[in-house]
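A structural model of the following input is requested.
(chains A and B)
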Amino acid sequence: MKTYDAIVVGAGHNGLTNAAFLAKAGLDVVCVEKNDYIGGAAVSRNLYKDWWYSNCSYVCSLLRPEIYRALELHKHGLQVTPYGGSVTFMQNGDYFGSYHDEEVAYREMARFSRHDADAYKTYSADTMRQCRFIRDFLLSTAPDPTSFKPRDIKELIRIGGKFLAMGEDRMYDTIRFWTMSVAEYLDEYFETDVIKAAFSGSGIIGTALGIHSPGTAYVLLHHYMGDVDGNVGSWGFARGGMGAVSNSIASAFQAAGGELRTEAGVGQITVKNGKVTGVALQNGDEISAPVVVSAMDVKRTFLTCMDKNDLPASFHNRVENFKIRGSSGKVNIALDGLPTFPALPEGSSLHHSDMHFIDSMERMERAYDDWKDGTWSKDPYIDMVIPTLSDPTMAPPGKHFMSCFVQYCPYQIDGRAWTSEEKDAFGNAVIDQISNYSPDFRDLILHAEIRTPQDIEAEIGITEGNIFHGELTMDQLLFNRPLPGYAQYRGPVGGLYMCGSSTHPGGGVMAAPGANAAREILADLKRPNTVPENFGDD
Amino acid sequence: MKNQPVHQGRLKTPFYSRLSQLDTVNEWHEWKGYSSANALYCEDMEYFAIRNATAVFDLTPMTKYRIAGPDALDYLNRLVTRDMAKIRPGRVAYAVWCDDQGQVIDDGTIFHLREGEYRLCSQERHFAWLQAAAIGFDVTLTHETEDVAALAVQGPTSFSVLNTMGIEGLEELKPFGLTHCEFEGSDLMVSRTGFTADLGYELWIDPDKAEALWDALFEAGKLFGIRAIGTDALELARIEAGFLAAHMEFLPADETVRTGRSRSPLELGLDWLVDFKKPNFNGRRALAEEKRNGSTWRLVKLDIEGNKPAHHSYIFGKEKGNKGEIGFITSAAWSPVCKQNIALGTVRTPYGKPGSSVWVEIYYQREMHWNRKMAQATVVDKPFWFPPRRGATPPGPY
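Purely as a prediction, here's the structure:
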């Protein structure tokens, strides 16, 4: 039987990134995937006629440009184009828009509050300061604060130096920022409810937390820290849908000599004498390698795919308690034409923007209350985009694909599995919410795919369908991610590594965990490093 | 009813119809959402209108706030670093305001319009900060940028122009004074202020009367060489006057992201604007500490040898063998009126004492090729251009 140098489990964007950098270093790598398609949660699926659905992740900003460049993804078919603007519809018939043009954006805020329009520049500067602080750590391994290894001490000194250089007041601000709620953070700048509601969405997307929950200010940052061509905070679409990201990385991996195996779900990661020996596939095949890298979330990796006896007891316990909760659903829709939104002025650029339908902080929090009550939000927060407005490749001409990301949607209903009636009711809550502002929307729907966290888990494999592979709270970030003492991509068994979004720097289509893990693996194997360093913000 | 979108393109000031008639070069930029001309026919000629005749500049986009109420004076004294009690009605004060760390948020002019009523003009917009600083004061803050049309009328013949127009009382109006008169039934405020360090005035009027005011002004100015100008010419005059510009000599502290990129008034040579004897004001504690411990930066006015403008240059302590730069140029120009190579810059203390020498690394391009020159520069403490006619009261006829 052939022995590989490394097996990467899971062909999502992080698994593929990890595999690509290992292969580039000359390792003989196989990447195994349980589904008959690759991409994990960064996929474009052909689910209805000629429509391609970005049916999990749907926008792109966090993907590290260093990785894009090092893997030459442009040669492998990837193109990311920026999109701008968003709108929040209001129950009183008005709307709050955000525009690409700074002055137009200013005028729109001033329509609600001169104070808020002027406060925005300070809010932007303060948020950007936090972005710059964190962005520097994205493409590097988080140092272990208890370690005396020179590299950890060096990195801790570097972080400490950066922190001290902020100056006294900004150091206080930073510590507060990392632990406060997005609602409190926005309250410090703005007075207008709809403006705060519009900005607060980024603080809760993908988390089982409400806008008043501590730690959500950081989640906002997680959505701002990406960039498209250096424009920090802007978002883009991958041409062809999010599958283009995974496909291009897979192509780079294969060009470097890597092997992809689909329909090859792992039953167990095999261990002998405290070291991994390979994987046993669900179809009975075995693959052997001295290195196994799991791109699955930590719970699935250690609780489902490993023998409990191979793991330290306290480790196992901590994995069981890792916070990874289903909080978000998706409704993906094929449209016969472009829905109209009568509240928007004719010809407005807002017709082509990201759309939201919750206009107050009260409604934002109430949406979370439903989740706590074990059900989906009856008045849901929706992040709605229509990528086909700018991407001609995802639907036939004149037709459209609409992606609705929905908060909140629980993993289970009252502690039990979803029924198909409940799933339909969840989909209808989303469609009703949009129909409130678009009378012709419902009639344009040709096909809708409704995905609860339960569906996402069943298909993609992510525990509870949590898009970030675990909450982005301080207790699960940096040197605590996924677990204290295991934040440097190494598992508790020799030769076992983690490279999924459960690891630093966390979720989103960033590819940084996969790349960072590859750097550690190559160091352990004493191979030349192929993983790029941070470009660095000047 | 259909919602109306906010205006999507650039706004036009009430003088746009007149400016666009005179415009021959079609060079405009955005200034706080408005279209503002870089130049209207020729930057050089426009500049000499400022120094030789009368130049008219549309400053309507300048941010303006009305501050009124029983506590207006106390509020302003809390807001800005200088003592506003000394600014009587009918007087104008240049002022800076700081955040709690003593870093400059912006500079601007405060017009004491009438007893207890002020107008604050600045480059940036600060409503959120002005409101935050107003807690506990009985004041009304009104944003009035759009409600007031404004023109700068600057140059040696500007008094004659306004006099010919029939505006009375200008003979006695001293620099930083203001007066009110009537123009076609509206209040016309005239202040002896400007951005040029020359004889000059600024006119403030209801936007509905803007075009009529422009027409009257240009009719009266016919024999006095009146010319409309754009921002480029004014910018050159601004550097000659040694005045600071936001985003050039300093960044508004509430917009800076990186540590150490803001400046205190002491670092901008504005010690004379900081009054520690008056009651508490924003930034006082930090500024007192800086006063005791010394500042990090110093703004310098440089008289540079040669004739190559030192745009974007590094400043060094010596001609050769430097370990690193000591600062950089923030604004530079060849001054046509002084025939000097002038610049404003920021250097680390203790460098930059008036009378001392520094070196400036100048890069300049000639026929595609780049050249480099180390030029010696003297730190001066007076404006480069400050003619007696600027302060003469009554002003001369030209």
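
which residues of the stretch 101-250 of chain B fall in helices?
B:127-132, B:158-165, B:210-221, B:231-241 (DSSP state H, counting those that start in this stretch).

closest one to chain A among those?
helix B:127-132 (3.8 Å; Cβ to the nearest Cβ). Placement of C-beta: from N, CA and C, glycine included.

enumerate the residues of chain B near chain A.
Residues of chain B found near chain A (Cβ under 8 Å from any Cβ of the partner chain) are B:2-8, B:10, B:30, B:32-33, B:100-101, B:125-129, B:131, B:143, B:254-260.

quick one: neighbours of residue 57, just the number.
All of this is about chain A. The burial count assigned to residue A:57 is 28, neighbours taken as other Cβ atoms under 10 Å in any protein chain shown.

the chain in question should be chain B.
So residue B:57, with other Cβ under 10 Å, has 29 neighbours.

do the same with residue B:100
Number of residues near residue B:100 (other Cβ under 10 Å) recorded here: 12.

thought it was touching residue B:282?
Yes - contact criterion Cβ atoms under 8 Å: residue B:100 and residue B:282 qualify, at 6.2 Å.

show me what contacts residue B:8?
By Cβ atoms under 8 Å, 6 or more residues apart in numbering or on different chains, the contact list for residue B:8 reads A:99, A:101, A:104, A:349.

mind doing that once more with 6 Å?
residue A:104 (Cβ atoms under 6 Å, 6 or more residues apart in numbering or on different chains).

and residue 38, backbone torsions?
Just so you know, I chose chain A. Dihedral angles of residue A:38 (phi, psi; degrees, to the nearest 10) stand at phi -100, psi 170.

the intended chain is chain B.
With angles defined as degrees, to the nearest 10, residue B:38 sits at phi -70, psi -50.

and the helices of the stretch 101-250 of chain B: which comes nearest residue B:83?
helix B:127-132 (19.0 Å; Cβ to Cβ).

among the residues of chain B next to chain A, which lie within helices?
Judged by DSSP state H, the subset of the residues of chain B next to chain A located in helices is B:127, B:128, B:129, B:131.

what would these look like in a markdown table with pLDDT and neighbour count?
Output for those, formatted as a markdown table (pLDDT from 0 to 100; neighbours: other Cβ atoms under 10 Å in any protein chain shown):
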| residue | pLDDT | neighbour count |
| --- | --- | --- |
| B:127 | 97 | 20 |
| B:128 | 96 | 23 |
| B:129 | 96 | 23 |
| B:131 | 96 | 16 |
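
any stretches of the stretch 101-250 of chain B with poor pLDDT?
Applying pLDDT under 70 to the stretch 101-250 of chain B picks out no residues at all.

list the contacts for residue 25?
I went with chain A, as the question did not name one. By Cβ under 6 Å, 6+ apart, the contact set of residue A:25 is A:522, A:527, A:530.

let me rephrase: I mean chain B.
Residue B:25 makes contact with residue B:39, according to Cβ under 6 Å, 6+ apart.

which SSE is it in?
Following DSSP states H and E, one finds residue B:25 outside all helices and strands.

the nearest residue to residue A:295 once chain neighbours are set aside: neighbouring residues, count only.
Once flanking residues are discounted, residue A:295 sits nearest to residue A:15: 3.1 Å by Cβ to Cβ, 6 or more residues apart in numbering or on different chains. Using other Cβ under 10 Å, residue A:15 is surrounded by 31 other residues.

quickly find the element holding residue A:15.
helix A:13-24.

so which elements touch that helix?
On a contact count with 3 or more Cβ pairs under 6 Å, 6 or more residues apart in numbering or on different chains; DSSP states H and E, helix A:13-24 meets strand A:6-9, strand A:29-32, helix A:243-255, helix A:512-524.

dump these to a markdown table, plus mean pLDDT.
Shown next, in a markdown table, are the helices and strands packed on helix A:13-24 (pLDDT from 0 to 100):
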| stretch | mean pLDDT |
| --- | --- |
| strand A:6-9 | 98 |
| strand A:29-32 | 98 |
| helix A:243-255 | 98 |
| helix A:512-524 | 98 |
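
hey, which of those is tucked in deepest?
Between the helices and strands packed on helix A:13-24, strand A:6-9 has the highest mean count of neighbours, a mean of 29, where neighbours are mean count of other Cβ atoms under 10 Å in any protein chain shown.

pairing partners for it, with directions?
Using DSSP bridges, strand A:6-9 pairs in its sheet with strand A:29-32 (parallel), strand A:292-294 (parallel).

still on that earlier bit, just the buried residues of the residues of chain B next to chain A.
Among these, the ones that count as buried by 16 or more other Cβ atoms under 10 Å in any protein chain shown are B:5-6, B:10, B:32-33, B:101, B:125-129, B:131, B:143, B:254-257.

which ones among those residues lie within strands?
Members of these lying in strands (criterion: DSSP state E): residue B:143.

pull the residues that contact stretch A:85-101.
A:84, A:105, A:108, A:194, A:198, A:343, A:349-350, A:353-357, A:359, A:437.

centre of the chain to that stretch, how far?
Offset of stretch A:85-101 from its chain centre (Cα atoms, centre = their mean, to the nearest Å): 25 Å.

equivalent analysis for stretch A:351-370, please.
For stretch A:351-370, the distance to the chain centre is 20 Å (Cα atoms, centre = their mean).

what mean pLDDT does it have?
Stretch A:351-370 shows an average pLDDT of 97 in the prediction.

ditto for stretch B:299-316
What stretch B:299-316 shows for mean pLDDT is 98.

sort out which residues of that stretch are buried, please.
Judged by neighbour count using 16+ other Cβ under 10 Å, the buried positions of stretch B:299-316 are B:299-305, B:308-310, B:313-316.

right, I'll call it a day here.
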